Every structure is written in C-alpha cells, then in structure tokens.
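Trainee: I'll drop the sequence and a predicted model, then ask my questions.
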Amino acid sequence: MLESQKIERSIITKFRKQLWRPFMKAVRDYQLIEENDRIAVCISGGKDSMILAKCMQELQKHGDVSFFLEFIVMNPGYTEEVETKIIENAKLLDVPIHMFTTDVFAVSEKLNGEAPCYMCARMRRGCLYHKAQELGCNKIALGHHFDDVIETIMLSIFYGGEFKSMPPKLHSQNFAGMELIRPLYLIRESDIIAFSKYHQLTFINCACKFTKVLEKNEKKSKRLEMKKLIQTLKKENPLVEYNIFASSENVSLDTLLGYKTNDRKVSFIDQYGNRQ
C-alpha cells in the first residue's frame, strides 16, 4: 500500500473519531456540499489545508453526493524552499495541485508596511476567488478549524468591541455565485497535530516574513494571546472551549444592548417597547 493510501485510510479508521466524524458532521449539519458542486480547496501548505484536502478527497470517494474538486495553491511570494516543500507534500499525499503566482506579499507591504496582514488577507482571498471562478468552481473551501472559530470570537470581544464569529459558510459579496465553506469547522487543532505527528508529516507554517517577525515578539500576536488565555481558563473549566463555541448558537437577543443584521444596527431601546 502506498504511503498516501495509508494516510487516507487512517482518516476513516484510526482517526475516525477525531477527524472523520466531526468533518462529516460539519458537512451535514451546515449543508456545506451539494450535488454537482465544483469546489476549489485552497491549500496554503500548512497542516490544516493539507488535512482538508485529504478529507475532501475521501468524501468524494465514499460520500453519497457527487461533486468535483480542484486543489489550488497561491504563491503570494514564497521563497523557493517553501514552494518546494508544498509541492513535495502534495506529491506525498497524492493531491493534484494547481499552483499560481501572485505578488500579494510585495503589494500588501507597499500599501501598508507597518500592518500588512489585513491587506494581505483580503488580497489573498480575492485571488483565490478569482482563480476558483477561472476553474469553473462555485465554492472555495478553507481549512479553518474549531480552535480558529473560538479564538475569533474571543478576539472580536477583547479587541473589536463586538461579538462576531466565523460562520461555517458564507456568500461572497464581490464574486457573484461564489460561496466559502469551512469543512473542518468542528475539528480540534490538537487532533490535526496528532494526525500529522502520527504520520511524521511536516508542513510549513505561515511563510510570510511578517508572521516571522510576530513570532519573535509573541506579545504582538493577539491570536496567540487568545490561545494562551483559553488554555488558562480551561484549567478551571474543562468545558470552556465548547462553551465559547456554543455561545454563538445561543445568543439571547432580548438581553443585548444592540445587534447588527444586514448592515443595520438595532438597539435595545428600539425593541424595548415591543416587549411588554
């Protein structure tokens, strides 16, 4: 049996509880995939997107719904070493990638050298949508997982002054007919790491030079700060991660001072007279 086949098989056998079941639950519960979808799986070269690619391949082989897959890799300005690593991993895992080159890193730095991450993220997303449309796809799949979701909720509260989550799917505002899906939505990052270690797989981290600067100064990484905070809270309450996640499903609008819907803000006072 080829190494790629062993890895594929372990997703639905040894790691069935950790990976396959939550993957399938997200696909079903959030209705992420429909008949004849053509989905562009966006691969950054990191562990999450590579595991996403393998799960999507397994679902295509064994699922009840017929759909098509394209695996796209955008090179926004990677070094040759990073690019080579992505290609090698794709071959090892038997993922047929379409790699295309952009100048996103250079442009985002030029536009906002001090804080390029926001600009870079927007530009990368736009490039992925454009490539997906070029390939005839109606959806793009990203590798965000459970931990990304709860960290995003915490970041929005602590640093955004709002309660905002990361939905399992959403319609593109700038690319008509395109939808973004997150099939790893219910998978824990620790289980992805365990899977990678079990198969002795090594993936790139974010290969952006700006991220490397942040890694040298952890105080500037707000997401890392949220990871540490959640781990601290977990020592007192083992269910804290799941409670953070559940909070986005159990919002009591009657108790809020305000909320936004369809870009319109509704205040507590506006609704108060109707609650007698």
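Mentor: Received it, and whenever you're ready, just let me know what you need.
Trainee: how about stretch 235-253: buried residues?
Mentor: Applying a neighbour-count criterion of 16 or more other C-beta atoms under 10 Å, one finds V240, E241, I244, F245, S248 buried in stretch 235-253. Using the backbone N, CA and C atoms, a C-beta is placed for each residue, glycine as well.
Trainee: cool, and stretch 129-142?
Mentor: Across stretch 129-142, burial judged by 16+ other C-beta under 10 Å covers Y129, H130, K131, A132, Q133, C137, N138, K139, I140, A141, L142.
Trainee: and which of the buried residues of stretch 235-253 is nearest D148?
Mentor: When these are compared for distance to D148 (C-beta to C-beta), F245 wins out at 11.0 Å.
Trainee: what sits against the residue nearest to I12 when sequence neighbours are not counted?
Mentor: What sits nearest to I12 in space, not counting adjacent residues and going by C-beta to C-beta, 6 or more residues apart in numbering, is W20, at 4.9 Å. For W20, the contacting residues are I11, I12, C55, E58, by C-beta atoms under 8 Å, 6 or more residues apart in numbering.
Trainee: export the helix or strand hosting the last one to PDB, keeping only CA atoms.
Mentor: By that I understand E58. For E58, the element it lies in under DSSP states H and E is helix 47-62. Extracted in PDB, the C-alpha atoms of helix 47-62 (Å, rounded to 0.1, in the frame of the first residue of the first chain):
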ATOM      1  CA  LYS A  47      -1.200  21.300   8.200                       C
ATOM      2  CA  ASP A  48      -4.900  22.400   8.200                       C
ATOM      3  CA  SER A  49      -5.400  22.900   4.500                       C
ATOM      4  CA  MET A  50      -3.500  19.700   3.600                       C
ATOM      5  CA  ILE A  51      -5.700  17.700   6.000                       C
ATOM      6  CA  LEU A  52      -8.700  19.400   4.500                       C
ATOM      7  CA  ALA A  53      -7.600  18.300   1.000                       C
ATOM      8  CA  LYS A  54      -7.400  14.600   2.200                       C
ATOM      9  CA  CYS A  55     -10.800  14.700   3.900                       C
ATOM     10  CA  MET A  56     -12.400  16.200   0.800                       C
ATOM     11  CA  GLN A  57     -10.800  13.500  -1.400                       C
ATOM     12  CA  GLU A  58     -12.100  10.800   1.000                       C
ATOM     13  CA  LEU A  59     -15.600  12.300   0.900                       C
ATOM     14  CA  GLN A  60     -15.600  12.500  -2.900                       C
ATOM     15  CA  LYS A  61     -14.700   8.800  -3.000                       C
ATOM     16  CA  HIS A  62     -17.100   7.500  -0.300                       C
END
